[in-house]
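Asker: Sequence and predicted model, in that order:
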Amino acid sequence: MSEGSISALVKAFDRFNPQEISQENNFGLVLDEFSGKLAKDEALRRRLPTASPLLLDNIIDAWKAIYVYPRTQVTSYDLVMSLARFTRNLVAGDTSNQNKAYAAEPDIRSILHNLTSFRQLEDETVYPLTRMLVQTLSNIVTLNDDLGTRLWNTYTTLSDDQNILARLLASPDTRTIHATVVLILNSINAEGQALLNSPNGLRIMVQLLDLTEEWASDDSGPHEEEAFTTAYRLFESFLEQDLGMTLFHALAIEDEPITPHQTSFLKFVDSYLRHQNTASDLHDYSFLWEAFSQLCSYSQGSLQRSLGHPEIHTSEQGLRELDLRLPKVAAALVLLSQCLTTILLCTQNAANTEKPGHAGYSTVVDATRAPGFIESLIETLRLVDRFLPRIAFGKAVATSGESAVIPGSSQDTKGFAYLKRDFVRLLGTICYERKDIQNRIRECGGIQVVMNLCVIDERNPYLQEHALFALRNILHQNPDNQAIIEELRPAEQSPA
């Protein structure tokens, strides 16, 4: 880059007057010429402010002037786009440039506030400019902890009508939302706790969880997939900072056993756990078994109230009570059981390969073996088996004539899918080579419960296989448990 070119850039800033529209095109062309070079040349980003010490001050003045004299002409949008692109590329990866350019943040934020008004949100022509401004803010704070903290502290204390992040996340444009998620990820850096310390931060997390549910649908496109991947990185950072429990509890609502947003977060936890290779990679997940135990207790009470007296067939007395929250609880229990199973399997693999485990894992493993956990798991499984018929080849098959739900009824059974399968899988994993657990399963009648699940059930794919494997682990090298099976074996009839 010649000195003449740099001199031309400085003169363009000196002559810039936002009140004279005739100058905008020339000013924008000069900025665009440099923007392309700045994007490719890291050395130029460092050299340009040195060659022109007042350049960044001129940039700040230009942003301020544009905000003071806002216009709606297309040329004005083009000018802001050029200045945003130039600023974005100039500060990329350069701490010194970032620190000086941060002074433009209030003006950039004010322009974004205008662009996210209800009228502007419906105008697709402003989406590219909105994205560019968000990317500019993102580059200003990327890998700059001090600026990221300053920006985040500012944004989480804004009033509702000024909450620019919430407004951006409400955009109809997925690419704008994606850029906003990147900004959030870059601004919190390794300080995820800052996001949960304010109502605005929690509100943003709730918005993101709602959006990820939409993006995870089958009809999502490539932009939604990219946004989902970035959102996953954000939630992953919370788990890596041991903030999973904090976020899970923050998403709770008083007097609700589980909330939709907690369930959505559990999906991220489940996915994250599945992608870990060793137990030592994982952190404190004690909230998982606590939530599992609480939801099992809630389910038992709800199912007992629905089923009534255990000695009276449900078909004779009908449902005494219908808990509309139960399907949501069941869906959360499926996710929690999958998470716990993954933790147990990872711990077992670590033990088999003599690799060190993780203290957080040990807490969860010990909790699943603690008094009452196995018994509660089996009781919940017994009640669910009474409550729901198994579906074999498209037809409902009741359990001992007691099942309360029939296909085609008005009750929502979607949340119960995979519940029996994942519960019996968890049970079989917990008792693996643990004679004390095997004995506790026998003492609370768990062997009979598992045997009843050795069937085909279309609502629970591979239920039969998982039940048989669990039964194998329950009986392995345990004569007392094997004797129970012998007692249940049909007696052979003597030949006539």
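Answerer: That came in fine, so what should we check first?

Asker: pLDDT below threshold where in the stretch 301-450 of the chain?
Answerer: For the stretch 301-450 of the chain, the stretches flagged by pLDDT under 70 are 309-321, 351-361, 391-413.

Asker: Where do the strands of it begin and end?
Answerer: 390-392, 395-397 (DSSP state E, counting those that start in this stretch).

Asker: residues in contact with residue 301?
Answerer: Contact analysis of residue 301 by C-beta atoms under 8 Å, 6 or more residues apart in numbering lists nothing. Glycine gets a C-beta too; all of them are placed from N, C-alpha and C.

Asker: Equivalent analysis for residue 434, please.
Answerer: For residue 434, the contact set (C-beta under 8 Å, 6+ apart) comprises residue 369.

Asker: repeat that for 10 Å
Answerer: Taking C-beta atoms under 10 Å, 6 or more residues apart in numbering, we find residue 434 in contact with 369, 374, 440, 441, 473, 474, 476, 478.

Asker: Residue 188 now?
Answerer: 141, 145, 148-149, 151-152, 156, 194-196, 201, 234, 237-238, 241.

Asker: at 6 Å what do you get?
Answerer: Counting by C-beta atoms under 6 Å, 6 or more residues apart in numbering, residue 188 makes contact with 152, 194, 195.

Asker: Spatially, and excluding backbone neighbours, which residue is closest to it.
Answerer: In this structure, residue 188 finds its nearest non-sequential neighbour in residue 195, 5.3 Å apart by C-beta to C-beta, 6 or more residues apart in numbering.

Asker: Which pLDDT value goes with the one you found?
Answerer: With respect to pLDDT, residue 195 has a value of 78.

Asker: so it is in which element?
Answerer: helix 193-196 (DSSP states H and E).

Asker: Distance from the chain centre to that helix, please.
Answerer: Put simply, helix 193-196 sits 15 Å off its chain's centre (C-alpha atoms, centre = their mean, to the nearest Å).

Asker: coming back round to it: what's the local residue count around the residue nearest to residue 188?
Answerer: Neighbour count of residue 195, defined by other C-beta atoms under 10 Å: 23.

Asker: What of the one 4 residues further on?
Answerer: The burial count assigned to residue 199 is 11, neighbours taken as other C-beta under 10 Å.

Asker: Tell me the spacing between it and residue 237.
Answerer: 21 Å (C-beta to C-beta, to the nearest Å).

Asker: now do residue 223
Answerer: Separation of residue 223 from residue 237 (C-beta to C-beta): 22 Å.

Asker: what's the answer for residue 336, then?
Answerer: Using C-beta to C-beta, we find residue 336 at a distance of 22 Å from residue 237.

Asker: returning to what we had before: list only buried entries from the contacts of residue 434.
Answerer: 374, 440, 441, 473, 474, 478 (16 or more other C-beta atoms under 10 Å).

Asker: mind pulling up the phi and psi values for residue 122?
Answerer: phi -90, psi 0 (degrees, to the nearest 10).

Asker: and the closest residue in space to it that isn't next to it in sequence, which of the three is it?
Answerer: Nearest residue to residue 122, sequence neighbours excluded (C-beta to C-beta, 6+ apart): residue 172, at 7.6 Å. Following DSSP: H, G, I helix; E, B strand; the rest coil, we place residue 172 in the coil state.

Asker: ok, residue 172 to residue 425 distance?
Answerer: Distance, residue 172 to residue 425, by C-beta to C-beta: 42 Å.

Asker: Between those two, which is the more surrounded one?
Answerer: Neighbours per residue (other C-beta under 10 Å) separate residue 172 from residue 425, with residue 425 holding more: 23 against 10.

Asker: wait, the more buried one sits on residue 466?
Answerer: Yes: Residue 425 lies in contact with residue 466 (C-beta atoms under 6 Å); the separation is 4.6 Å.

Asker: how far away is the nearest residue to residue 259 once chain neighbours are set aside from residue 291?
Answerer: Sequence neighbours aside, residue 253 is the residue nearest to residue 259 in space, at 5.1 Å (criterion: C-beta to C-beta, 6+ apart). Per C-beta to C-beta, residue 253 is found 14 Å from residue 291.

Asker: Of these two, give the one with the bigger neighbour count.
Answerer: Legend: neighbour count by other C-beta under 10 Å for residue 253 and residue 291, higher for residue 291 (23 against 11).

Asker: Apart from its chain neighbours, what residue comes closest to that one?
Answerer: Closest residue to residue 291 apart from its sequence neighbours, by C-beta to C-beta, 6+ apart: residue 336 at 5.9 Å.

Asker: pretty sure that neighbour contacts residue 290?
Answerer: No: the criterion here is C-beta under 6 Å, and residue 336 misses it with residue 290 at 9.8 Å.

Asker: on that earlier part again, pLDDT score assigned to the residue nearest to residue 259?
Answerer: Note on residue 253: pLDDT of 95.

Asker: Assumed it was part of a helix.
Answerer: No: counting by three-state DSSP, residue 253 is not part of a helix but coil.

Asker: Make 23 the starting number, not 1.
Answerer: Right, with 23 as the first residue, what we last looked at is residue 275.

Asker: Phi and psi next, for it.
Answerer: phi -130, psi 130.

Asker: Does it touch residue 282 like I think?
Answerer: No: counting by C-beta under 6 Å, residue 275 stays clear of residue 282, with 9.7 Å between them.

Asker: what separates the longest helix out of those in the chain from the chain centre, distance-wise?
Answerer: Counting residues, the longest helix found in the chain (DSSP state H) is helix 348-374. In terms of C-alpha atoms, centre = their mean, the centre of helix 348-374 is found 17 Å from the chain centre.

Asker: Pull out the buried positions in it.
Answerer: Residues 348-366, 368-370, 372 are the ones in helix 348-374 that count as buried (16+ other C-beta under 10 Å).

Asker: Report all helices and strands that that helix contacts.
Answerer: For helix 348-374, the elements it packs on are helix 282-296, helix 308-329, helix 381-391, helix 441-452, judged by 3 or more C-beta pairs under 6 Å, 6 or more residues apart in numbering; DSSP states H and E.

Asker: Need the CA coordinates for the shortest one. CSV is fine.
Answerer: As requested, C-alpha coordinates have been extracted for helix 381-391 and formatted as CSV (Å, rounded to 0.1, in the frame of the first residue of the first chain):
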residue,chain,number,x,y,z
ALA,A,381,-14.4,-36.0,40.5
GLY,A,382,-17.6,-34.7,39.0
TYR,A,383,-18.3,-38.1,37.5
SER,A,384,-17.7,-39.9,40.7
THR,A,385,-20.3,-37.7,42.4
VAL,A,386,-22.9,-38.8,39.9
VAL,A,387,-21.9,-42.4,39.9
ASP,A,388,-22.1,-42.5,43.7
ALA,A,389,-25.5,-40.9,43.7
THR,A,390,-26.9,-43.5,41.4
ARG,A,391,-25.8,-46.2,43.8
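
Asker: how close does residue 461 get to residue 295?
Answerer: Distance of residue 461 to residue 295, computed by C-beta to C-beta: 29 Å.

Asker: Equivalent analysis for residue 177, please.
Answerer: Residue 177 is 31 Å from residue 295, where distance means C-beta to C-beta.

Asker: No further queries at this time; thank you.
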